[in-house]
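**Q** Sequence and predicted structure below; questions after.
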Amino acid sequence: MLIAVLGAGSWGTTLAVLLARKGYAVNLWAHRPEFADQLAAERENRRYLNGVHFPDTLRVFTSLHEAVSPADMVVTAVPSQALRETVEQIRDLPMQGRVIVNVAKGIEMNTGKRMSEVLLETLPGLQISCVAALYGPSHAEEVSKEQPTTVVASSPSVETANRVQEVFHTSMFRVYTNTDIIGVEIAGSVKNIIAIAAGISDGIGYGDNAKAAIITRGLAEMSRLAVSLGGDPVTVSGLAGIGDLVVTCLSRHSRNRYVGEEIGRGRSLDDVVTHMNMVAEGVFTSKAVYDLCRTRGVEMPITQAVYEMLFEGKPVQQAILDLMTREPKKEVY
Ligand SMILES: NC(=O)C1=CN([C@@H]2O[C@H](COP(=O)(O)OP(=O)(O)OC[C@H]3O[C@@H](n4cnc5c(N)ncnc54)[C@H](OP(=O)(O)O)[C@@H]3O)[C@@H](O)[C@H]2O)C=CC1
Ligand SMILES: O=C(CO)COP(=O)(O)O
């Protein structure tokens, strides 16, 4: 069994190391050749995951074709907005017999597509039954130190979900299965937007009441969008939904929460993002989901507020006032 991991950021590197520690042969691909050379020479990823040594079965590649050609399983761990351009480069490779496991959490801007839809559109011959999403509350910083973590392997095919579970499961990385890939992908993507809102609340100095409100009402938005796209509302109460929402809204490791916190303190989005080392998916996904929910007529007021603050220059205090003074509602509608 050989596994290719595309993307040598903190998450791709962590998963490549986890799989190699399990004894699998792993081909880790990095898109910048000079960075790939550095990883190969130093046998660790000092930029994104300092101090985590690469096991011997992990090899670093600069060529996508060479990394993917011999692979039985391909893990896509590039930022969501770069997934299409990455897999387009291997569209000539046969996909039959391979499982593709996407771990990037986001919705594509301009198309509003989930990552599994992007994969199916881009890779000829790929069947949805061979696609899985591995999502859940899983910061790389903790997984790489083998701290207890739970995630969900989701695929419409039970067989594929079981295969992904078997490959990734370890005594400290517990993998559950699920067949609702729509619900899982929507939950795992929307949580990043809600985390920005939670961060803004932190940045302003609001307390636990506000944070609990954002998490709970964010969950309601996530659920409405998932259902409108054909997902199961039960999924949002699982690891990809409430699980990841809690970790992202509360954690000191969260990039999305950090972006929000800095905006809440008064910095501009451009300033925060240009000085960040890592990707905050919720920024792009807030734009994609804002467009999606308007097209589908799904009410997502926190998402709308985040979009307006990030992209339309709405002042933070105004956005909060607008949210709090909306027409009173039933809790479930
Ligand atoms: N970090 C985590 O704890 C977790 C992350 N995820 C998800 O995994 C995905 C990857 O995140 P993560 O590893 O944290 O990201 P990081 O910010 O740690 O790293 C981003 C990586 O993507 C690479 N990259 C940037 N642009 C492109 C491109 N156009 N084509 C190919 N590669 C590119 C970067 O390379 P370079 O530096 O050379 O530009 C870098 O290797 C995201 O969707 C994230 O939501 C999911 C669960 C946990
Ligand atoms: O998805 C993640 C953890 O499950 C990572 O995203 P954040 O860094 O924003 O929390």
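**A** Yep, that arrived. Ligands and ions are numbered 1, 2, ... in the order given.
**Q** can you tell me which residues contact residue 15?
**A** 5, 75, 77, 103, 143, 168 (CB atoms under 8 Å, 6 or more residues apart in numbering). Using the backbone N, CA and C atoms, a C-beta is placed for each residue, glycine as well.
**Q** Just these: which are in strands?
**A** Among these, the members found in strands (DSSP state E) are 5, 75.
**Q** could you dump the contacts of residue 15 to JSON lines with pLDDT and neighbour count?
**A** Converted to JSON lines, those look like this (pLDDT from 0 to 100; neighbours: other CB atoms under 10 Å):
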{"residue": "5", "pLDDT": "98", "neighbour count": "31"}
{"residue": "75", "pLDDT": "98", "neighbour count": "29"}
{"residue": "77", "pLDDT": "98", "neighbour count": "26"}
{"residue": "103", "pLDDT": "98", "neighbour count": "25"}
{"residue": "143", "pLDDT": "98", "neighbour count": "23"}
{"residue": "168", "pLDDT": "98", "neighbour count": "24"}
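**Q** Number of residues surrounding the closest residue to residue 53 other than its chain neighbours?
**A** Excluding its sequence neighbours, the residue lying closest to residue 53 (CB to CB, 6 or more residues apart in numbering) is residue 44, at 5.5 Å. Per other CB atoms under 10 Å, the neighbour tally for residue 44 reads 17.
**Q** The one 10 residues further on too?
**A** When counting by other CB under 10 Å, one arrives at 22 neighbours for residue 54.
**Q** Next: the one 3 residues further on.
**A** Applying other CB under 10 Å, we find 16 other residues in the vicinity of residue 57.
**Q** cool, and residue 69?
**A** Neighbour number of residue 69 under other CB under 10 Å is 14.
**Q** switch to numbering from 7
**A** Renumbered: residue one is now 7, and that last one reads residue 75.
**Q** what about it, distance to ligand 1?
**A** According to CB to the nearest ligand atom, to the nearest Å, residue 75 and ligand 1 sit 18 Å apart.
**Q** mind listing what that residue touches?
**A** Counting by CB under 8 Å, 6+ apart, residue 75 has contacts residue 99.
**Q** what's it sitting at in phi/psi?
**A** Main-chain dihedrals, residue 75, degrees, to the nearest 10: phi -50, psi -50.
**Q** Please, which helix or strand holds whichever residue of the stretch 107-256 of the chain sits closest to ligand 2?
**A** The minimum distance from the stretch 107-256 of the chain to ligand 2, using CB to the nearest ligand atom, falls at residue 254 (3.8 Å). Applying DSSP states H and E as the criterion places residue 254 in helix 250-256.
**Q** quick one, longest helix in the chain?
**A** Longest helix in the chain by number of residues (criterion: DSSP state H): helix 187-210.
**Q** what about the residue of the stretch 7-156 of the chain at minimum distance from ligand 1, distance to residue 251?
**A** Ligand 1 sits closest to residue 15 of the stretch 7-156 of the chain, with a gap of 2.1 Å, by CB to the nearest ligand atom. Remark: distance between residue 15 and residue 251 (CB to CB, to the nearest Å) = 22 Å.
**Q** Who has more neighbours out of the two?
**A** Using other CB under 10 Å, the more surrounded residue of residue 15 and residue 251 is residue 251, with 26 against 21.
**Q** I'd like to know how many residues surround the residue lying closest to that one once chain neighbours are set aside.
**A** Nearest non-adjacent residue to residue 251, counting by CB to CB, 6+ apart: residue 197, 4.4 Å away. Residues within reach of residue 197, counting by other CB under 10 Å, total 33.
**Q** can you check residue 243 too?
**A** 14.
**Q** So for the protein, which residue is the most central one in space?
**A** residue 111 (2.1 Å; CA atoms, centre = their mean).
**Q** from memory that one sits against residue 193, does it?
**A** No: look at residue 111 against residue 193 with CB atoms under 8 Å: they stay out of range, at 9.3 Å.
**Q** quick one on the thing from earlier: check the contacts of residue 21 one by one and keep those near ligand 2.
**A** Filtering the contacts of residue 21 for proximity to ligand 2 by CB under 6 Å from any ligand atom leaves nothing.
**Q** Just give the closest residue to residue 132, not the sequence neighbours.
**A** residue 101 (4.3 Å).
**Q** and residue 247, how far is that from ligand 1?
**A** From residue 247 to ligand 1 the distance is 14 Å (CB to the nearest ligand atom).
**Q** got the contact list for the nearest residue to that residue once chain neighbours are set aside?
**A** In space, residue 247 comes closest to residue 193 once its chain neighbours are excluded; the distance is 3.9 Å by CB to CB, 6+ apart. Residue 193 sits next to 141, 228, 232, 237, 241-242, 244, 246-247, 250-251 when contact means CB under 8 Å, 6+ apart.
**Q** Now, those residues that are in helices?
**A** Those of those lying in helices (DSSP H): 228, 232, 250-251.
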